[in-house]
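Student: I'd like to go over a predicted model; first the sequence, then the structure.
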Amino acid sequence: MSRNDRRAAPDAFETALRLLTRRAHSEAELRRKLVRRGCPADDVDRAVVRARGLGYLDDAAFARALAGERARTRGPALIARELAAKGVERAVVQEAVGAVRREDVVAAARRLAERAAEAGADRRLTASRLLRRGFPGDVIREALGRDADVALD
């Protein structure tokens with residue numbers, strides 16, 4: 001028997017705790033990482049249930065925190081895509097993104113637009129960048145000035 005054959009699978013709960021102390025994770029994201037590290041599926045299920053029960057794993061709290069953090073530099077559409085990619089359920093994503101105040105979204109778009117203007121970017125290029133960052137058209141128009149002459153459709 002080789003040395004690698006004798007090596008036991010990592011403890012799923014201990015591994016989960018190590019991962020969760022570094023940063024918050026969605027449940028799906030944590031599951032993927034535990035499986036990738038060689039934890040058996042049954043152990044992963046038990047570790048996730050235990051972490052959730054202890055309050056260490058909460059998709060709704062994770063989504064709210066990530067949405068609040070990302071809202072400083074990204075629009076709602078991009079935040080929603082990121083949360084979905086992390087395996088957060090659609091209803092939880094909608095709730096978290098919906099909790100971001102419109103005035104915060106507009107302020108973030110304005111900051112990015114001002115930074116682009118200082119760098120010499122024209123309004124159309126700035127509008128395009130804001131659109132790619134997930135900001136809706138009405139927010140982009142407001143950030144660039146209500147009389148913005150950019151086509152966003």
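Tutor: Okay, I see it.
Student: Residue ranges of each domain in this structure, please.
Tutor: 10-57, 102-144 (automatic domain parsing).
Student: wait, which of these is closest to Thr73?
Tutor: Closest to Thr73 of these is domain 102-144 (Cβ to Cβ; 6.3 Å). All C-beta spots, glycine's among them, are computed from the backbone N, C-alpha and C.
Student: thinking again about what came up before, and the domains of the chain: which comes nearest Ala91?
Tutor: That would be, of those and by Cβ to Cβ, domain 10-57, which comes in at 13.7 Å.
Student: Now the terminal residues of that closest one, how far apart.
Tutor: Terminal residues of domain 10-57 lie 19 Å apart, using Cα to Cα, to the nearest Å.
Student: coming back round to it: adding mean neighbour count, write the domains of the chain out as TSV.
Tutor: TSV is the format used below for the domains of the chain (neighbours: other Cβ atoms under 10 Å):
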stretch	mean neighbour count
domain 10-57	16
domain 102-144	17
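Student: Longest helix in the protein, please.
Tutor: Under DSSP state H, the helix in the chain containing the largest number of residues is helix 102-118.
Student: and after it, which helix or strand comes next?
Tutor: On the C-terminal side of helix 102-118, the nearest following helix or strand under DSSP states H and E is helix 123-132.
Student: quick check: angle from the next helix or strand after that following helix to helix 102-118?
Tutor: Per DSSP H and E, the first helix or strand lying C-terminal to helix 123-132 is helix 137-144. Interaxial angle of helix 137-144 relative to helix 102-118 (axes from the mean of the first three to the mean of the last three Cα atoms, to 10 degrees): 50 degrees.
Student: that older thread, minimum distance to Gly68: which of the domains of the chain has it?
Tutor: Proximity to Gly68 (Cβ to Cβ) singles out domain 102-144 among those, at 8.5 Å.
Student: Quote the end-to-end distance of the closest one.
Tutor: Domain 102-144: ends 15 Å apart by Cα to Cα.
Student: and if you look at stretch 81-91?
Tutor: 13 Å.
Student: Redo the domains of the chain as JSON lines? Include distance to Arg72.
Tutor: Converted to JSON lines, those look like this (distance: least, Cβ to Cβ, whole Å):
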{"stretch": "domain 10-57", "distance to Arg72": "17"}
{"stretch": "domain 102-144", "distance to Arg72": "5"}
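Student: so can I have TSV of those showing distance to Val92 and mean pLDDT?
Tutor: Listed next are these as TSV, based on distance: least, Cβ to Cβ, whole Å; pLDDT from 0 to 100:
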stretch	distance to Val92	mean pLDDT
domain 10-57	9	97
domain 102-144	18	94
